[in-house]
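1. I need the structure of the sequence given here:
(one chain, ligands or ions: 2)
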Amino acid sequence: MSVKAIKPDSKIVLVIGGSGFVGRHLVEKLCSLGYTVRVFDLRTTFEHEKVTFYNGDLCNKQDLLKCMDNVDTVFHCATPSPLSNNKKVFLRVNVDGTKNVLDACFEKGVKNLILTSSASVVYSGSNIEHGDETLPYAKRPLDCYTQTKIQQEKLVLSANSESLKTIALRPHGIFGPRDPHMLPTTARLAAAGKTKFIIGKGINKVDFTYIDNVVYAHVLAAQQLQQKPEIAGNAYNITNNEPILFWEFMSRLLKGLGYAAPKYHLPYYFIYFLAFLVQIFVFIVSPFKTIRPTLTTMTVALAGTHHYYSCEKAASEFNYSPVVKLEDAIERTLQSVPELHNKHAKKVK
Ligand SMILES: NC(=O)c1ccc[n+]([C@@H]2O[C@H](COP(=O)([O-])OP(=O)(O)OC[C@H]3O[C@@H](n4cnc5c(N)ncnc54)[C@H](O)[C@@H]3O)[C@@H](O)[C@H]2O)c1
Ligand SMILES: CC(C)=CCC[C@@H](C)[C@H]1CC[C@H]2C3=C(CC[C@]12C)[C@@]1(C)CC[C@H](O)[C@@H](C(=O)O)[C@@H]1CC3
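-> Ligands and ions are numbered 1, 2, ... in the order given. Presented below is the predicted three-dimensional model:
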């Protein structure tokens, strides 16, 4: 099933966090389908003739109310950076901020709210293979980002009602052009010579989800929410449906960026314990200095365990299936990195 173009400007939608990675791709797709699009974000990172930008803080409900008149559907894609490790900000934005979003939606008579949640809401560092939505929320999430994503999803799904249909989409490991997290962090670590090692045996399979598939799922869910009210109040895993060895994926990115693939193995539990010690040190010095380590128990666990999910529920209940395959997705991502474009262009000929 494909997403439908609509009579131009017949529906007003709001993308909260629309200046971000997922948000901007979603905004561009919605505009191409004929929606009237508003963006609400702390910052404006691009221009678009069909988009109205509102700068504000979703922790301030008055800011939100200013941009919600006559809005049919809200997409909530805002979050502090997942690697920022700032508990207060995560709680303020992902929990208190989401309560503001819900209150504002009810006050303004918004019909649909689609939350960009995360498959990691069920992940506590142990292997998950083909995990579906019946898995319980992680009892001991490995970081405060994940903890607040769990609280956020619970708030949104429990707000589902006759007047406001809500749905939570759980992508995992989103990548693609303009990704500000995975690729830049990988390049930074590689440039610092920190990607020579494989954490563990290197046999752990994970899901990575190309941005176009995430955007497709958001629009599809929004278009089906009113036709199929039974999907409201539910969470759905959204991935590429092609789990891949974590270290094979990372090696593809590294080689595409011009760096060597990691080749020396380090014992998983040794690195996990090291990351745990780093986090204790970060906590001890936190009153004096803010340190944002990349080596955390969460990033080590993500690098060393299986974590891939089933999308059967999204497939059967709103006909989701990825629109871009993993191989093509990796190629497009690497081609999008400016300094790589020429190199890839030569290779593709
Ligand atoms: N990137 C991934 O791998 C991934 C995977 C699964 C789920 N997600 C979820 O997808 C959503 C989008 O993530 P992203 O990767 O695009 O992040 P991003 O950092 O690129 O974008 C987040 C946007 O939210 C905005 N924002 C943050 N705090 C705000 C506030 N108080 N008020 C208004 N705007 C605020 C930021 O300015 C930014 O533009 C998030 O909910 C995230 O949890 C991301
Ligand atoms: C070579 C090497 C080990 C590079 C480091 C890559 C990591 C920076 C990267 C690998 C998996 C990524 C990931 C996220 C952030 C960046 C990584 C740790 C998330 C935690 C971002 C936030 C999402 O909600 C998570 C999700 O559930 O999808 C991501 C999980 C994967």
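
2. C-alpha from now on. contacts and neighbour counts both.
-> Fine.

3. Contact partners for residue 240?
-> The contact partners of residue 240, by Cα atoms under 8 Å, 6 or more residues apart in numbering, come to 207, 208, 209, 210, 213, 322, 324, 325, 326.

4. Which ChimeraX command selects the buried ones in those?
-> In ChimeraX, this line selects whichever of the contacts of residue 240 come out buried by 16 or more other Cα atoms under 10 Å:
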select :207,208,209,210,213,322,324,326
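
5. Tell me who's in contact with the closest residue to residue 163 other than its chain neighbours.
-> Leaving out its chain neighbours, the residue that sits closest to residue 163 by Cα to Cα, 6 or more residues apart in numbering is residue 111, at 6.1 Å. With contacts defined as Cα under 8 Å, 6+ apart, residue 111 is in contact with 72, 73, 105, 163, 164, 165.

6. could these be laid out in TSV, adding distance to residue 65 and pLDDT?
-> As requested, the contacts of residue 111 are exported to TSV (distance: Cα to Cα, whole Å; pLDDT from 0 to 100):
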residue	distance to residue 65	pLDDT
72	14	97
73	14	98
105	8	98
163	17	95
164	16	96
165	19	96
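
7. now the residues you listed in JSON lines, with secondary structure?
-> As requested, these are exported to JSON lines (DSSP: H, G, I helix; E, B strand; the rest coil):
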{"residue": "72", "secondary structure": "coil"}
{"residue": "73", "secondary structure": "strand"}
{"residue": "105", "secondary structure": "helix"}
{"residue": "163", "secondary structure": "coil"}
{"residue": "164", "secondary structure": "coil"}
{"residue": "165", "secondary structure": "strand"}
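
8. Are any of these buried, and if so which?
-> With burial judged by 16+ other Cα under 10 Å, the buried subset of the contacts of residue 111 is 72, 73, 105, 164, 165.

9. does the first one really touch residue 12, like I thought?
-> Yes. With contact defined as Cα atoms under 8 Å, residue 72 and residue 12 form a contacting pair (5.6 Å).

10. Now do the SS call for residue 193.
-> Relying on three-state DSSP, one would call residue 193 coil.

11. Residue 236 too?
-> Going by three-state DSSP: residue 236 is strand.

12. So in terms of bridging, what pairs with it?
-> residue 169 (DSSP bridges).

13. Give me the neighbour count for it.
-> A total of 27 residues lie near residue 236 under the criterion other Cα atoms under 10 Å.

14. Run through the residues of the stretch 101-250 of the chain sitting next to ligand 2.
-> Neighbours of ligand 2 within the stretch 101-250 of the chain, by Cα under 6 Å from any ligand atom: 118, 119, 120, 171, 172, 173, 181, 182, 185, 186, 195, 250.

15. do you know how far residue 204 is from ligand 2?
-> Counting by Cα to the nearest ligand atom, to the nearest Å, the separation of residue 204 from ligand 2 is 12 Å.

16. That residue and residue 304 touch, don't they?
-> Yes. Counting by Cα under 8 Å, residue 204 touches residue 304, with 6.2 Å between them.

17. Name the residues of the longest helix anywhere in the chain that come out as buried.
-> Longest helix in the chain by number of residues (criterion: DSSP state H): helix 268-285. By neighbour count on 16+ other Cα under 10 Å, the buried set for helix 268-285 is 268, 271, 272, 274, 275, 276, 278, 279, 282.
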